[in-house]
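Asker: let's see this in three dimensions:
(one chain, ligands or ions: 2)
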Amino acid sequence: MDYYSILGVAQNASNEEIKKAYRKLARQHHPDISNSADEDSFKNITTAYEVLSDPAKRQVYDLGGDPTKPSGQANNNPMSDIFNMAGEFTQFFTGGGFDGFANKPQVNGNNILYRLQVELKDILLGGENKINITANFKCEICDGTGSKTFDDPVKCQTCQGKGQISKVTNTILGQMMSSSTCPTCQGLGLMPANPCDNCRGKSRLNQTKQFNIKVPKGVNESEQIELTGEGEAGIYNGLAGNLYIEFHIIPDKVFVRDKNNLHCMVQVPFTKSLLGDKANIKTYYGDLEFFIKPNSQRGDTIKIHHYGVPINANSDKKGDLIIHLEISYPHKLNHKQRQIMSEFAKTLNNSETKIEVLDGTTSFS
Ligand SMILES: [Zn+2]
Ligand SMILES: [Zn+2]
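Answerer: Ligands and ions are numbered 1, 2, ... in the order given. Now for the predicted structure:
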C-alpha cells in the first residue's frame, strides 16, 4: 500500500498537510457519517494516517519497512511493498535479507521471479524479448547511498548502530532488560547522511527497468535462468537480489512439442496417399520438401531428422519433426469419376471390398 497516495499527499508532505488530508478523507469515508462509506477504504486511510503522522513510523515506512507489523522482527521490514507491484511476476524470499546487523549493516535485495511467455519460434531459432519490471531498484541519483553527497550511511545515533534498543525497567523482581527494534533506523543501525531528495534517503526506488532477455534455444517449459544481481536492490548498496526468468511456452498452432521432437499433421488427398507424391510445408527453419510414399495410410508418420527442437543452446543437434498423415476424400464424384471408381472397385479382391465390424474397445479408445 502506498500510504502517500492513499491520503493523496506528496512524499514530502508536512504533518499539517497529512492531518488535513486525513480529516477530509475520513469525513468522506467514515461508516458512521457517510452513506457512500466503505469500511475497507476507511481502514486504509486510518492506517496510512497512523503511519505518516507518526515521525518514527513514517521514517520506517520511507525506508521501505512496514511499521504496522510488530517490531523486533526486522526480517519483515524491507519486503513490505512487494505485493503491490504490477506486472506478471512475483518476488520470493531467499532467506537472505536481514543478516544480523551487528556484522552486516546493509540489507540485501529480494530475488525477483518473472514468468516469460515465449513462442515456439524463439525456442527453435533463439530470440530476444524486452520485458519491463517494476521493483525497488537502486536510486541512480545517489548511487544507492541514500545520500545527497554520496556519503556512506552513518551510524544511527539512537541505537549507536546496534539496530536494537535495550531498556532497563525496575520491577519488584529486580531490573528487567528488554530490547526492541530501533524506531529511528528500523533496525538497520544506519542512517543516510544528507538524505537524497530523489529516494528520500531510501537508497532505492520503486521504478520500472527494461531488460533484454535472450531466449535460450531448446529451453524447456518452466525452466529458469538466473541473472545474478539483477533483482531488487539492497538498501544502502547491500547485495542485490537475483532476477530469475522462468520460461513458459505459448502453444503453437501447427507444431506440438514433445521434448526435442516436434509433431505436425498434414492432410493428404487419397489419390496422393495411394500413388505417392512430393509435398511441401513451411517450418520455422524454412520450406521443407518431403515425400509421401505410395500406399500411405491414415496415421502413418514421416520422420524428418534435424527439424525438431535444439538439444540445448550450445548445440547444433536437434530432434526430429514427425509428420502425421491424415487422408482426405472428395466430397462428391462426378459421373465420369463414379464410372472410373466402379471400374476400379471391380479390380479389388473379395477381402478388399468387405465391410467389417471392428473391435469396439480398440476403435473408440
Ligand atoms: Zn537517492
Ligand atoms: Zn537505530
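Asker: which stretches of this protein form helices?
Answerer: 3-7, 15-29, 39-52, 55-62, 120-125, 270-275, 335-346, 350-353, 360-363 (DSSP state H).
Asker: for the fifth one, packing partners?
Answerer: Right, the one you point to is helix 120-125. strand 243-250 (3 or more CB pairs under 8 Å, 6 or more residues apart in numbering; DSSP states H and E). (Each C-beta comes from the backbone N, C-alpha and C, glycine too.)
Asker: which stretches of the stretch 101-250 of the chain have low pLDDT?
Answerer: 101-106 (pLDDT under 70).
Asker: one more time with 50
Answerer: Along the stretch 101-250 of the chain, segments meeting pLDDT under 50 span 101-104.
Asker: likewise for the stretch 251-365 of the chain?
Answerer: Ranges of the stretch 251-365 of the chain meeting pLDDT under 50: none found.
Asker: from it, which residue is nearest to ligand 2?
Answerer: Per CB to the ion, A313 is where the stretch 251-365 of the chain lies closest to ligand 2, at 48.0 Å.
Asker: could you check how many residues crowd around that residue?
Answerer: 13 (other CB atoms under 10 Å).
Asker: torsion angles phi and psi at it?
Answerer: Torsion angles at A313 (phi, psi; degrees, to the nearest 10) stand at phi -60, psi -30.
Asker: what about the residue lying closest to it once chain neighbours are set aside, neighbour count?
Answerer: In this structure, A313 finds its nearest non-sequential neighbour in P216, 4.0 Å apart by CB to CB, 6 or more residues apart in numbering. P216 has 20 neighbours, counted by other CB under 10 Å.
Asker: surely P216 touches I225?
Answerer: Yes. P216 lies in contact with I225 (CB atoms under 8 Å); the separation is 6.8 Å.
Asker: give me the common contacts of those two.
Answerer: With CB atoms under 8 Å, 6 or more residues apart in numbering applied, the contact sets of P216 and I225 do not overlap.
Asker: what is the burial count for the closest residue to N111 other than its chain neighbours?
Answerer: Spatial nearest neighbour of N111, excluding adjacent residues (CB to CB, 6+ apart): G241 at 4.2 Å. Neighbour count for G241, taken as other CB under 10 Å: 26.
Asker: same check on E128?
Answerer: 9.
Asker: who does it bridge with?
Answerer: For E128, the beta-bridge partners are K214 (DSSP bridges).
Asker: any idea how far it is from I213?
Answerer: Distance, E128 to I213, using CB to CB, to the nearest Å: 7 Å.
Asker: out of the helices of the chain, nearest to ligand 1?
Answerer: That would be helix 55-62 among the helices of the chain, by CB to the ion, at 11.8 Å.
Asker: got the angle between the closest one and helix 39-52?
Answerer: When axes from the mean of the first three to the mean of the last three CA atoms, to 10 degrees is applied, the directions of helix 55-62 and helix 39-52 differ by 110 degrees.
Asker: begin at 49 from here
Answerer: Fine by me, first position is 49 from now on; the one you just mentioned is helix 103-110.
Asker: check whether helix 103-110 contacts ligand 2.
Answerer: No. Helix 103-110 stays out of contact with ligand 2 when judged by CB under 5 Å from the ion, the minimum separation being 10.2 Å.
Asker: try stretch 205-222
Answerer: Yes. Stretch 205-222 lies within reach of ligand 2 by CB under 5 Å from the ion, at T206, C207.
Asker: can you give me the end-to-end distance of that stretch?
Answerer: Taking CA to CA, to the nearest Å, stretch 205-222 runs 28 Å from one end to the other.
Asker: list the buried residues for it?
Answerer: T206, C207, G209, K210, G211, Q212, I213 (16 or more other CB atoms under 10 Å).
Asker: excluding residues flanking it in the chain, which one is nearest the second one?
Answerer: What sits nearest to C207 in space, not counting adjacent residues and going by CB to CB, 6+ apart, is C230, at 3.7 Å.
Asker: contacting residues around that neighbour?
Answerer: Counted by CB under 8 Å, 6+ apart, C230 has contacts C204, T206, C207, K210, G211, Q212, I213, G237.
Asker: can you give me how far stretch 260-271 is from the chain middle?
Answerer: Remark: stretch 260-271 is offset 14 Å from the chain centroid, using CA atoms, centre = their mean, to the nearest Å.
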